[in-house]
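S.K.: I would like the atomic coordinates for the input below:
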Amino acid sequence: MYVMVALLGAAAVLPMRLWFGVCAIFLLLAANLFPTVLSGYVWEVRLWSLFLVGVLLQAGGALVRVGPVHLVCAFIFVALNWTRNAALTPSGLTFFGVALFFGALALWVGALKTESSTVVSHLGRHDYSFSVYIYHWPVILMLRSVLPPLGALSLLAVTLAVLAPIALCSWHVVEAPALRQMRRWLGP
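M.R.: Numbering: from 1, shown residues only. As a prediction, the model looks like this:
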């Protein structure tokens, strides 16, 4: 994923945000319209598509506004898609539907302004997401090797309990100091 991001960024001719947006939309369309073609070049097209959407949202984040109206529209779209797929498949639930609805929900909740809560205010100043992203898989693998078999929700709860202090330490001891140092080196 990161090699692809580096290659896309290095090849940019237009201003980065515009070029990245155009490339991302083209690649997302290709991944979803012609998955068998793209799968010959990109491993796990669906997950790659979600990664690319995240990169696109980060690059154009200031332009993205998701509110309750967008969430309702996503829900209606998923419901309509569900009825179509329920007639054709054993389950009406699709990967796209889950990604669309929960993606819209996450973007809406993430954009909420709640300065009154100290927890939300703290999370707004400190970004633990990369630590969770990096460490979740090794933590899950270690927990599955030392614990008896757990259901999905139990494993999620235990993983979050173990992962939270790891993410806190990683942000405050490694990531935030590294970012501050990088800003000093790069200057304004």
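
S.K.: can you show me the helices along the chain?
M.R.: Counting by DSSP state H, the chain forms helices over residues 2-10, 16-33, 35-38, 45-59, 68-88, 95-111, 118-125, 129-146, 152-169, 176-186, given from the N-terminal end onward.

S.K.: would you mind giving the ones you listed as a markdown table with mean pLDDT and mean neighbour count added?
M.R.: From N, CA and C alone the C-beta is placed, and that goes for glycine too. Formatted as a markdown table, the helices of the chain follow (pLDDT from 0 to 100; neighbours: other Cβ atoms under 10 Å):
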| stretch | mean pLDDT | mean neighbour count |
| --- | --- | --- |
| helix 2-10 | 65 | 11 |
| helix 16-33 | 69 | 15 |
| helix 35-38 | 64 | 12 |
| helix 45-59 | 70 | 16 |
| helix 68-88 | 77 | 13 |
| helix 95-111 | 77 | 15 |
| helix 118-125 | 67 | 10 |
| helix 129-146 | 91 | 13 |
| helix 152-169 | 92 | 14 |
| helix 176-186 | 88 | 10 |
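
S.K.: what domains does the record give for this protein?
M.R.: For the chain, whose domains are defined here by automatic domain parsing, the residue ranges read 1-63, 65-112, 115-188.

S.K.: and the end-to-end length of the shortest one?
M.R.: Its first and final residues considered, domain 65-112 spans 10 Å by Cα to Cα, to the nearest Å.

S.K.: pretty sure residue 67 is one of the things residue 107 touches, is it not?
M.R.: No - checked against Cβ atoms under 8 Å, the pair residue 107 and residue 67 is beyond contact range at 9.3 Å.

S.K.: joint contacts of the two?
M.R.: With contacts defined as Cβ atoms under 8 Å, 6 or more residues apart in numbering, no residue is adjacent to both residue 107 and residue 67.

S.K.: thanks a lot, catch you later.
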